[in-house]
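1. the following comprises the amino acid sequence and a computationally predicted model.
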Amino acid sequence: MLSTQKVFYILKMEQGVQASGQPGLTNGQAKTKSLIYSLSALSVFAPGLARAQSGPAEGVSWLWALFVVLLLAALAVTGYLALRGRHLGRTSRDWASFPQDNPYPVLRISSQGEVLFANQASEDLLSKWGAYPGGTAPPEVAEAAARVAAGGGVESLQLTLNRRVLSLSLSAVSGQDYVHAYARDITDFQRAQERLAASEANYRTIFDSAQDAIFLHDAATGQIVDLNRRAGQMFGYSSEKLRRLGVGDLSSGEAPFNQEGALSLVHRVAAGSPQVVEWHAKAQGGRLFWAEVSLKKAEINGRHLVVAVVRDISHRKENEKRLQLAARVIENTMEGLVVTDPKGNIQMVNPAFSAITGYSAPEVLGQNPRLLKSNRHEPEFYTRMWGDLMEKGQWQGEIWNRRKSGEAYPQWLTITAIADPQKETVHYLGMFHDITILKEHQERMERRAYHDPLTGLPNRLLLNDRLQMALARAQRSGRFLAVMFTDLDGFKQVNDSLGHAMGDLMLQQVAARLKASLRDEDTISRQGGDEFVIILPDLADAGYAEVAARRVLAAVAQPYELEGNPARVTISLGIAVYPADGEDSDTLLRRADKAMYQAKQEGKNAFRFWSSLDQKQDPADQAIPAGSKG
């Protein structure tokens, strides 16, 4: 007879064996079969148990009633578990088809949002959701699953997991009340998209920030497919308007600056020949301007394009015109031009430079302008010149230079320092012209103004100027100065007998004899008629005046030949000496004139000193009698 404890032990062992020892059975099927074995065992051992526990009849009845209830319950459970086992078996076969080694989450979600299955890669995702198989997905996923299960098709959601971005695609399963969900890591793709978007934004920013207009043309048709902001500003149209215009609409119209010429250019570039051209362009309102256009082919997103970079060169063209004009002026100007670097090395000369100096451009390029130096100026002259140039940036004045032939000549020179924007001198420009003719003309004018036209001797104006300078030197030096006032004796008879022409010729010969008998520093002036005044400056001894007077008397008294006509004259002189006879020009001239009058009175062909006169009244108080000279 078995005890109750042994019976339950046998049942427990049977359940364990059946639950774990039947190959191919699910856990639920094994448990169901174990329960059936247990109930069968109970029915076998029940009578024995009843006998072993003999007692009152009502005890036996109770035990059989319990057995019947348990048997009915076992049958009900067995049916339910059999149906559940078939469903779970089919589910297990389906689950087995899912790739457990998929690196991305794979799930099955019911239309009610229940997670029916999740692979191992879904662990982190489910942990974030707080849901495991049998649990509920987040509301947005559950709602999407319901929509997809009801309506079919595919719907995608974007999820964030461990700072990675996942794309969850939910797809319907035909005839089923669930959906399959596949997650894919799109972090790198999304970042690449963001970088691409940023790159495109940067490209656009650079594209629109360019100072030149940029057009993208279809390589086949020439149509404008894109352009930057500067293009609209340059041509005066909106971007939309420009896209609708042809290249010919942006050209001046005359060949080759028209639609046909533009298309030909585009096609040459598309064939592999980059171009850089100057184009006569037309902006809104018909304004024409010159542009430099650089064209290259390009392939963007699989499309063959021609990139045109357009630069407005209107200012450059204007500058070129001005430079051309300046070049023509430089080539044709009568002034010599020379350009040097800061060290004075010649970098450029014009044709007038060569014409004036005799040096060709190759002979002077790289040389210093010192090769033109005449050596007529003291070093101080050049020191002052460069001092003004450094201080004021310019110097101008008269300078003597030398031609290639060795001839010295005067020129009017202007030197200008040319500075860069930082105010550093980068060049020197010298402009000059030969003033030889001007100087000669000036000398002729001065000679006429200050010289006697007949004899070439200084006239009264120049005499006064030189006498003032001689007096100033004498006052500074303490030396003597003598003034001689002279008048020819017998000149009137020559003039009357031979005529005024012969008289003029005699005056010229007298002037030459006076110059020959005196020093170079002495001044001889014709006052008019046959009167001459002589200045003897810087005399160490006043006695030199007598020596000079005797020379003059002897020279003038020599016979004259006036075109075959012999003639004779003499001369009378009066002498006044500074400072004894006067300290100013007027006094000296008056007293010399008085002494000359005295010489004539005493027989002519003689000289008298003012200091030797018996009566030394001031000549201003006594008039010289008319007709006393001659």
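-> Thanks, I have it.
2. can you report phi and psi for the closest residue to Gly253 other than its chain neighbours?
-> Excluding its sequence neighbours, the residue lying closest to Gly253 (CB to CB, 6 or more residues apart in numbering) is Lys282, at 7.2 Å. (Glycine included, C-beta is placed from N, CA and C.) The phi/psi pair for Lys282 (degrees, to the nearest 10) reads phi -130, psi 130.
3. try Pro379
-> With angles defined as degrees, to the nearest 10, Pro379 sits at phi -60, psi -30.
4. burial of it, as a residue count?
-> Counted by other CB atoms under 10 Å, the residues lying close to Pro379 total 7.
5. and Thr523, by the same measure?
-> 21.
6. just give the closest residue to it, not the sequence neighbours.
-> Closest to Thr523 by CB to CB, 6+ apart is Ile535, at 4.2 Å.
7. how about the residue positioned nearest the centre of the chain, secondary structure?
-> By CA atoms, centre = their mean, the chain has its centre lying nearest to Pro421, at 10.4 Å. Secondary structure, DSSP: H, G, I helix; E, B strand; the rest coil: Pro421 is coil.
8. contacting residues for Val154?
-> Applying CB atoms under 8 Å, 6 or more residues apart in numbering to Val154 gives the contacts 148, 169-172.
9. my bad, Ala548
-> Here Ala548 is in contact with 482, 484, 517-518, 522, 534, 536 (criterion: CB under 8 Å, 6+ apart).
10. let's see that with 6 Å instead.
-> Residues in contact with Ala548 (CB atoms under 6 Å, 6 or more residues apart in numbering) are Leu536.
11. so where do the helices sit in the stretch 451-600 of the chain?
-> Counting by DSSP state H, counting those that start in this stretch, the stretch 451-600 of the chain has helices at residues 460-477, 491-498, 500-517, 544-557, 585-601.
12. Ser110 and Asp226, how far apart?
-> Counting by CB to CB, to the nearest Å, the gap from Ser110 to Asp226 is 51 Å.
13. and if you look at Ala470?
-> 92 Å.
14. higher neighbour count, the two?
-> More neighbours surround Ala470 than the other of Ala470 and Asp226, with 23 against 17 (other CB under 10 Å).
15. doesn't Leu481 make contact with the more buried one?
-> Yes. With contact defined as CB atoms under 6 Å, Ala470 and Leu481 form a contacting pair (5.5 Å).
16. need the residues touching each of those two.
-> Pro537.
17. list phi and psi for the residue lying closest to Asp465 once chain neighbours are set aside.
-> Nearest residue to Asp465, sequence neighbours excluded (CB to CB, 6+ apart): Tyr450, at 7.7 Å. Main-chain torsions, Tyr450, degrees, to the nearest 10: phi -120, psi 0.
18. so what's the residue count around Tyr450?
-> By other CB under 10 Å, neighbour count at Tyr450 equals 16.
19. where are the low-confidence patches of the stretch 351-500 of the chain?
-> Under the criterion pLDDT under 70, no range of the stretch 351-500 of the chain is flagged.
20. so where do the strands sit in it?
-> For the stretch 351-500 of the chain, the strands defined by DSSP state E, counting those that start in this stretch cover 394-402, 408-419, 425-434, 480-489.
21. please name whichever of those is nearest to Val179.
-> strand 425-434 (81.1 Å; CB to CB).
22. between strand 408-419 and the closest one, find me the angle.
-> 150 degrees (axes from the mean of the first three to the mean of the last three CA atoms, to 10 degrees).
23. name the helices or strands packed onto strand 425-434?
-> strand 336-340, strand 408-419 (3 or more CB pairs under 6 Å, 6 or more residues apart in numbering; DSSP states H and E).
24. just name the most buried of these.
-> Each of the helices and strands packed on strand 425-434 was scored by mean neighbour count; the highest is strand 336-340, a mean of 19, by mean count of other CB atoms under 10 Å.
25. tell me what the next helix or strand after that strand is packed against?
-> Moving toward the C-terminus from strand 336-340, the first helix or strand encountered (DSSP states H and E) is strand 346-349. When contacts are defined as 3+ CB pairs under 6 Å, 6+ apart, strand 346-349 sits against strand 336-340, helix 361-364.
26. so what touches the shortest one?
-> Defining contact as CB under 6 Å, 6+ apart, one finds that helix 361-364 is touched by 346, 349.
27. where in this structure is pLDDT low?
-> Along the chain, the model assigns pLDDT under 70 to residues 1-65, 67-69, 73-99, 131-132, 199-200, 614-630.
28. count of residues packed around Glu398?
-> Counted with other CB under 10 Å, Glu398 comes out at 11.
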